[in-house]
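Visitor: quick one: sequence plus predicted model below, questions after.
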Amino acid sequence: MFKVFLVEDEKVVREGIRKNIQWEQYGFHYTGDASDGELALPMIRDIRPDLLITDIKMPFMDGLTLIKLVRDELPRTKIIIISGYDDFTYAQQAIRMGVDQYLLKPIIKNKLVEILVELHEKMRDERQQQKYIEHFQREAQEYENFSRRRFFERIVTGVLSESEIAETAESMNIDIFAPYYNIVLFSLSSEEYDGSMPESYVEDLAAVQDEVTKLFIGRPELILFRWNITTYAVLVKGSQDDIVSNTIDCINNIRDRCTAAGNDVGWYIARGTPVSRLSALPACFSEASRILAYRYICPEEHILTEASIQNLRKNNGFQTGTCSNEFEIEHVRKFLSRGTKQEIDDFIEQVLQNVGERVVSTALLCRYLAMTVYFAATKYLDMIGSGIDAIWSTDFWPDDSISTTEEIRKYARHVIKCAIELRDRESARQQHVLLKQAIDFINENYSDSSISLDKVAKNVNISPNYLSAVFSQEVGQTLTEYITSRRINEAKNMLRNTDMRLSEIGFAVGYKDPHYFSFVFKKVSGCTPSEYRRGSGSEH
């Protein structure tokens, strides 16, 4: 049923329209009426009718003013105007404003019914088309996230000019401009993840990732991007007055979803300082990244801020001035399991600050730290079975020349970078095997209408987040795109070589709804299945 609302100042006309039409018979639900635009507007905003029938000339607020306001606020609402013969000039203005139908007084019942039937068919088709579009967009959301990730990377690395940002944002339908901005970074992973192989499928983690990403639907002030396999970024927008509250609201919502998952999900959140220019976002992002990297030093602190870090230092939360071997080795091991090359420098600075600048200034402690890094890296690589004997040469052994803070920085950077490269090489080897399994599963099950990223991930025991990122990176298209192209290519083969009906072909390749099959086929191929069959027939 479509909702209809009537605005007419003449009581007799208003009651006649309401009582003399069997609204439900024609697919409409009569939701109410008002005698002028001023009374009608708040009711329309509350009811949000699919069809508005309104007189043009009314007291207080006339029909033209009402039409303009409704067009601005409810652009999909259909509008029928009612007018007398002497209101033709007003009617012309209304038509230019995009009304759908025009009725002259006195209103003839059969004419109104004819218009209602015509509009109902049009509205039904548009609603179905909108459902197809929304369904297709939901399926394509994975690709959109992949594109957004690349766009975000180029923003925060300063590669794009403001005009290029505006052009790209418009092409991706992202409303990016605001008076103020901030960056929120959050990391999600299973507690058992060690970085050496694809992250296993964990029900709680998959549920949290799904719940958290849903937070940003319908929130134009919060734009979600994926940064890497375990980390997301949120571009927070707002005015000078609400940028801080928007940032805090974002953090609190993420925290609430994560804490509800219990102890199986590791999560950390960090934020930058608000900025008023897009060109300042790289600095804002760097600040948030530096703060997020503290998760390896203080794993119990899930929401990380500059203030919380300073407070931990002040209260000896980092054991400043001490150098516990097990304490430092565990920090390095955690970083090697989940850290990235981009985070290495920030992590090393945190370790040095943790130990204390005065302590690190002694040559003995510098060599001690070098040994700690070496043993932590060796222990980690041995644990993941990376075959370190052939690669981890004695060149990595810290010698007595390491005696200054700068030398320990250089040594630690080199060792950690090499260890991460070995970790990633081992992970890539595992990825190749599991990726083949995922592709094989899709090729065998693409005709299953329920196949999805989550279903494929569960079958090969990889987290959906991990599979999505790796699939895009290695295959060159997202998993959803791959499924769609596999289905459409098979449909084309059937269209060329069989006499099967279109509905049968759609069902055979995984589309229960034949209309949606035609919609997707045209979206991907540029023509309908029927047009393709006629065109391919001429080739034989």
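Guide: Here it is on my side, so go on. Note that the coordinates shown come from a computational prediction; the quantities given were computed from them, not determined experimentally.

Visitor: tell me which stretches of this structure form strands.
Guide: Assigned by DSSP state E, the strands in the chain fall at 2-7, 28-34, 51-55, 78-83, 101-104, 180-190, 222-226, 231-238, 265-271, 303-304.

Visitor: how distant is the shortest one from the center of its chain?
Guide: Read it as strand 303-304. Relative to its chain's centre, strand 303-304 lies at 22 Å (Cα atoms, centre = their mean, to the nearest Å).

Visitor: pLDDT of that strand, averaged?
Guide: Taken as a whole, strand 303-304 carries a mean pLDDT of 88.

Visitor: quick one: contacts of it?
Guide: Residues outside strand 303-304 that contact it (Cβ atoms under 8 Å, 6 or more residues apart in numbering): Ile251, Arg255, Tyr268, Ile269, Ala270, Ile291, Leu292, Tyr294, Arg295, Cys298. All C-beta atoms are positioned from the backbone trio N, CA, C, and that covers glycine.

Visitor: how close does the second one sit to Tyr294?
Guide: According to Cβ to Cβ, to the nearest Å, Arg255 stands 17 Å off from Tyr294.

Visitor: more neighbours, the two?
Guide: A count of neighbours by other Cβ atoms under 10 Å puts Tyr294 above the other of Arg255 and Tyr294, at 24 against 15.

Visitor: okay, the contacts of strand 303-304 in a markdown table with distance to Ser485 and pLDDT next?
Guide: Conversion of the contacts of strand 303-304 to a markdown table gives the following (distance: Cβ to Cβ, whole Å; pLDDT from 0 to 100):
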| residue | distance to Ser485 | pLDDT |
| --- | --- | --- |
| Ile251 | 39 | 94 |
| Arg255 | 39 | 91 |
| Tyr268 | 37 | 91 |
| Ile269 | 37 | 94 |
| Ala270 | 38 | 94 |
| Ile291 | 41 | 88 |
| Leu292 | 36 | 88 |
| Tyr294 | 43 | 80 |
| Arg295 | 38 | 81 |
| Cys298 | 46 | 72 |
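
Visitor: mind checking which of these are buried?
Guide: Ile251, Tyr268, Ile269, Ala270, Ile291, Leu292, Tyr294, Arg295, Cys298 (16 or more other Cβ atoms under 10 Å).

Visitor: while we're on Thr168, how confident is the model there?
Guide: 90.

Visitor: likewise for Ile439?
Guide: So Ile439 comes in at 95 (pLDDT).

Visitor: what's the neighbour count on it?
Guide: Neighbour tally, Ile439, other Cβ under 10 Å: 18.

Visitor: what do you get for Tyr380?
Guide: For Tyr380, using other Cβ under 10 Å, the count is 25.

Visitor: pretty sure it sits against Ala419.
Guide: Yes: with contact defined as Cβ atoms under 8 Å, Tyr380 reaches Ala419; the gap is 6.6 Å.

Visitor: what sits in contact with each of those two?
Guide: Leu336.

Visitor: could you pull out the helices in the stretch 351-500 of the chain for me?
Guide: Here the stretch 351-500 of the chain has its helices, by DSSP state H, counting those that start in this stretch, at 357-360, 363-384, 405-445, 453-460, 464-475, 479-497.

Visitor: show me the contacts of strand 303-304 that map onto helices.
Guide: Ile251, Arg255, Ile291, Leu292 (DSSP state H).

Visitor: widest-spaced pair of the residues you listed?
Guide: Arg255 and Ile291 (15.5 Å; Cβ to Cβ).

Visitor: got a list of what the closest residue to Lys522 other than its chain neighbours touches?
Guide: Sequence neighbours aside, Thr528 is the residue nearest to Lys522 in space, at 5.2 Å (criterion: Cβ to Cβ, 6 or more residues apart in numbering). Thr528 makes contact with Ser518, Phe521, Lys522, according to Cβ under 8 Å, 6+ apart.

Visitor: now tabulate those in JSON lines and tack on distance to Asp55, neighbour count and pLDDT.
Guide: Converted to JSON lines, the contacts of Thr528 look like this (distance: Cβ to Cβ, whole Å; neighbours: other Cβ atoms under 10 Å; pLDDT from 0 to 100):
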{"residue": "Ser518", "distance to Asp55": "41", "neighbour count": "18", "pLDDT": "91"}
{"residue": "Phe521", "distance to Asp55": "45", "neighbour count": "27", "pLDDT": "94"}
{"residue": "Lys522", "distance to Asp55": "41", "neighbour count": "14", "pLDDT": "90"}
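
Visitor: most widely separated two among the buried ones among the contacts of strand 303-304?
Guide: Ile251 and Cys298 (16.9 Å).

Visitor: quick one: low-confidence parts of the chain?
Guide: 85-97, 134-146, 191-204, 262-264, 312-328, 354-361, 386-395, 536-540 (pLDDT under 70).

Visitor: what residues go with each domain of it?
Guide: 2-139, 144-312, 318-433, 446-537 (automatic domain parsing).

Visitor: from Lys111, how far off is the spatially closest residue to Leu304 that is not a sequence neighbour?
Guide: Excluding its sequence neighbours, the residue lying closest to Leu304 (Cβ to Cβ, 6+ apart) is Ala270, at 4.5 Å. Using Cβ to Cβ, we find Ala270 at a distance of 64 Å from Lys111.

Visitor: circling back: quick check: which of the domains of the chain is nearest to Asp440?
Guide: domain 446-537 (9.2 Å).

Visitor: what about that closest one, distance to the chain center?
Guide: For domain 446-537 - counting by Cα atoms, centre = their mean - the centre lies 22 Å from the chain centre.
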